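Enquirer: just a sequence and a predicted model for now, questions to come.
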Amino acid sequence: MTTSPLADVSLNLVESVSDAMRLKRWLGERREGLLCVDTESGGLSPWRSRLRMVQFGDMRTGWAVPWERWGGVALEILNSWEGEWGAHNGVHDYKFLSVHGGYDLPWERGHDTLTQARIDDPSRPNGLKPRAAADVDKRATQG
C-alpha cells in the first residue's frame, strides 16, 4: 500500500494560550509555499451567519482557531503574515473575515485554488474536498 501524503500531517486546535503561542512560533518558522487560510461559517451570508473558525496551514501542519474564543489570535496571525497566502474560494473567506474581523485579505499576495481549478478543468467538480481527493490523496475526505 502506498503511503499517504497526509501521513505526516500535524493538525492542531487552539484551545489555550500555550496553543496560541505554539501557533505563533510555527508561523515564524521558515516554510516552503503559501500560508493557506480557510474559514468555517454557519452559512453563506456573513451578515446573517456567524464565523465559527479560521484555519491556517501549509503542506505539513494545520491549525484550527475557534473564532468566538480565539478570534484575536487569528487576526494577529493574519496581520503579521507578510508572505503569500492561499485559499479555496477566497471570496467567501474574505467576506467573513472582513465583516466579522475588519480584516481585508491582501489580494495582491493571494492565490485562490478554486479559481485555478476552474480554469484548469471547468468540467470537473472543483469543491475543496473533491479537489483534495483528486489532487492530494483519495482519503483526504475521510474523517
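Expert: Arrived safely.
Enquirer: where along the chain do the helices fall?
Expert: Ranges of helices in the chain, per DSSP state H, are 17-28, 67-80, 90-101, 113-120, 128-135.
Enquirer: got CSV for those, with mean pLDDT and mean neighbour count too?
Expert: For glycine as for every other residue, the C-beta is placed from the backbone atoms N, C-alpha and C. Output for the helices of the chain, formatted as CSV (pLDDT from 0 to 100; neighbours: other CB atoms under 10 Å):
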stretch, mean pLDDT, mean neighbour count
helix 17-28, 96, 14
helix 67-80, 97, 17
helix 90-101, 96, 19
helix 113-120, 80, 15
helix 128-135, 67, 15
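Enquirer: right, and the ones you listed - which one's nearest residue 46?
Expert: helix 90-101 (3.8 Å; CB to CB).
Enquirer: which ones are touching residue 29?
Expert: By CB atoms under 8 Å, 6 or more residues apart in numbering, the contact set of residue 29 is empty.
Enquirer: again, only using 10 Å
Expert: 58, 61 (CB atoms under 10 Å, 6 or more residues apart in numbering).
Enquirer: that one and residue 62, how far apart?
Expert: 14 Å (CB to CB, to the nearest Å).
Enquirer: related to what we said a few turns ago, just put the helices of the chain in a markdown table and tack on distance to residue 7.
Expert: As requested, these are exported to a markdown table (distance: least, CB to CB, whole Å):
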| stretch | distance to residue 7 |
| --- | --- |
| helix 17-28 | 19 |
| helix 67-80 | 26 |
| helix 90-101 | 27 |
| helix 113-120 | 22 |
| helix 128-135 | 15 |
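Enquirer: and residue 58, which of those helices is closest to it?
Expert: Closest approach to residue 58 among the helices of the chain (CB to CB): helix 17-28, 8.9 Å.
Enquirer: give me the contacts around the closest one.
Expert: 10, 12-14, 16, 35, 56-58, 60-61, 63-65, 70, 72-74, 76-77, 80-81, 83.
Enquirer: mind running it again at 8 Å?
Expert: With CB under 8 Å, 6+ apart as the criterion, helix 17-28 contacts 12-14, 35, 56, 61, 63, 65, 70, 73, 76-77, 80-81.
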